[in-house]
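>>> Everything below, folded, please.
(chains A and B)
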Amino acid sequence: MIRSETLAGRIARFGGLGICLLFTVFPLYWILVTSFKAPGTIFAYPLKYWPGDFSLDNYRGLFSQSNFAVFLVNSLIVSTVAAALSTVISLLSAYVLARFEFVSKGAVMGAFLVTQMIPGFIALGSLYILMTKLYLVDSRWGLVLVYVAVSIPLCTVMLRGFFENVPASLEEAAMVDGCSRLSALFRVLVPVMTPGLAASYIFNFVNCWNELFLSVTLLNSDNNKTIPAALNGFISSYNIDWGSMSAAAVLSIVPTMVLFAFASRYIVEGLTAGAVKE
Amino acid sequence: MAVLQTERPVRRPPARTSHRRQFTGRTALVLLAFMLPAIVFVALFTYYPLLNGIQMAFRNYNLNDLSDTSWVGLKNFRTLLHDDMFRGTVKNSVVWVVGSLVPQFLIGFAMALWLRRKFRFRGTYQALVFFPWAVSGFLIGILFRWMFNGEFGVVNDLLMKAHLIDTPVPWLADAKYAMVAVIVANVWYGVTFFAIMILAALQSVPDELYEAAAIDGAGKVRTLFGITIPSIRTTLALTVLLRVIWIFNSPELIFGMTGGGPANATHTVTSYMIQVTQEGDYGRASAMGVMVVFVLILFAIFYLLAIRPRTPRTTARKVAG
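Modelled structure (predicted):
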């Protein structure tokens, strides 16, 4: 900006930004504080804004009274595998879509984009029926397959964008040197695209980790449930145990937040790539 | 989170790397093999259920009684239009979308303007306010359900400390206040998205325009409406469009926070649709889904027509004139 800033303007700006930051951070802080309060003090009045005596009782309770460890492991497995599979599959399709012209290319891209516009839950009912027929209801692997399918279109579009920033001469040179197309892709292109691939992977992982309705619909036994499905179970039970609930919330938020902190730069880049060019 | 997806693909620079190559039959086979997994997955687990779901809207399809799954035409739609509950959810949806969108837009715009000027820790600041994006709508619902708790909620405590209220407000138990509470939670979630999109657009406005405005002696307000807003109107318009669709389509937050209650006061069309799906009436739920898509497409068309640039006026002339 050209215009120099007055003192009042400066105060207004930092004041505004400060309020926005407080507004953003406070709910997260509050759930964290609640999770460390001893069960008695959660419902004590006046409210304590600093837990004073840190207690891990809520976390202990969560693991002893529910299968939370199982849910955590299930979520980890499902999200890790689904994100990896969809990233690899999307890598292949993005490569083709970025580098080659063919007749049905527009149709494929269009079909991928449409999946992003239509609310997925129209398909929820018939997806359940389909999974019943395939004997994949209440199976973590069934959920993985669905998550892979849901992640592919966007991941492909994202990776296609990253491919476009890499000159085609790179893999052409490798192929002249005797690489096959597949090995040129994995040996030459993949190393160059690591940031983009990592961002796509993290994005897919976080989406799978947070997904609610598919997991609630497709999983029902306690051994297979992922965290969102389990939290939904906690919520429908009559009285919510807010101590365990906040511990569960913290445990399910922290991993994605850490990942996002690493990838947010690339994710923001991806989000705004188009918008910047007016 | 799923819908962060929606906005991604929309505006990309046109593909530059379309090397028109003559490729042999063998190459074509290899490429087909590369494409095949993606196509098979999407076709089987996305398109097949989607199309199947759409045709269910015209059938009598209730999991609790599958003896008669005949074609019933528009019956499901008629039933819905006469369903008071459904009409209530339509009204709630409108309040929910407009009530969430307007504050998100205004606060997001302000944040973007404040963030334009570089300062120390700007990167850290942006990373911090980006955090809500890592949290699922459902968990945000749970978070705010706890904060808006009528007896032990921190919101009441803070409001009472600030002497804004004398007695605790039963936020989520009273139909009057519940919608306000879910909207506050949703604003928390969505503000950053606006801020980031608008900030990115702001950074593409050339400084010369501001210099020209300063020379003309244009004040702050005039610069904002004469230069800033016209220069980024495309981004503003598209961001709003995507947000409307996204807010409309995401019932997770409401699901976690109120479950549609109290007395259906926060039930939106999509949260109602999920409920009907879970009750097993796939026919009626699908009819709702089809209506949602239809209305959103209509909305998008009218909206895009309304915001298209009418006369090619340059921003510079606006300021000078």
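>>> surely A:W209 meets A:I77?
No - the criterion here is Cβ atoms under 8 Å, and A:W209 misses it with A:I77 at 11.2 Å. C-beta: built from backbone N, CA, C; applies to glycine.
>>> Please say which of the two ends up with more neighbours.
Taking neighbours as other Cβ atoms under 10 Å in any protein chain shown, A:W209 and A:I77 compare with A:W209 leading, 26 against 15.
>>> low-confidence ranges in the chain?
If you meant another chain, say so; for now it's chain A. Chain A contains residues with pLDDT under 70 at A:1-4, A:237-238, A:268-278.
>>> think we crossed wires, I meant chain B
In chain B, residues with pLDDT under 70: B:1-23, B:310-321.
>>> Looks like B:Y48 contacts A:K133 (just checking).
No - in this structure B:Y48 lies outside contact range of A:K133 using Cβ under 8 Å: 11.1 Å.
>>> the more surrounded of the two?
Per other Cβ under 10 Å, whichever of B:Y48 and A:K133 has more neighbours is B:Y48, with 16 against 9.
>>> Which residue is the nearest non-sequential neighbour of the residue nearest in space to the middle of chain A?
In chain A, the C-alpha nearest the mean C-alpha coordinate belongs to A:V206, at 1.5 Å (Cα atoms, centre = their mean). Closest residue to A:V206 apart from its sequence neighbours, by Cβ to Cβ, 6 or more residues apart in numbering or on different chains: A:T256 at 4.7 Å.
>>> Would you mind giving the secondary structure of that neighbour?
helix (DSSP: H, G, I helix; E, B strand; the rest coil).
>>> go on, B:T69?
Per three-state DSSP, B:T69 ends up coil.
>>> Report the contact partners of residue 110.
Since no chain was named, I'll use chain A. Shown in contact with A:G110 (Cβ atoms under 8 Å, 6 or more residues apart in numbering or on different chains): no residues.
>>> my bad, chain B
A:G16.
>>> How about A:F68?
A:L62, A:A230, A:A248, A:L251.
>>> Which strand or helix spans the second one?
Okay, so that is A:A230. helix A:227-236 (DSSP states H and E).
>>> and that helix with chain B, contact?
Yes - under the criterion of Cβ under 8 Å from any Cβ of the partner chain, chain B is reached by helix A:227-236 at A:P228, A:L231, A:N232, A:I235.
>>> and that helix, how far out from the chain's middle?
18 Å (Cα atoms, centre = their mean, to the nearest Å).
>>> Could you give the secondary structure assignment for A:G52?
Going by three-state DSSP: A:G52 is coil.
>>> what's the spacing between the nearest residue to it once chain neighbours are set aside and A:D57?
Leaving aside its sequence neighbours, A:G52 sits nearest to A:T41 (Cβ to Cβ, 6+ apart; 7.8 Å). Counting by Cβ to Cβ, to the nearest Å, the gap from A:T41 to A:D57 is 10 Å.
>>> do the same with A:P153
On the measure of Cβ to Cβ, A:P153 and A:D57 end up 44 Å apart.
>>> neighbour-wise, which of the two wins?
More crowded of A:P153 and A:D57, by other Cβ under 10 Å: A:P153, with 27 against 16.
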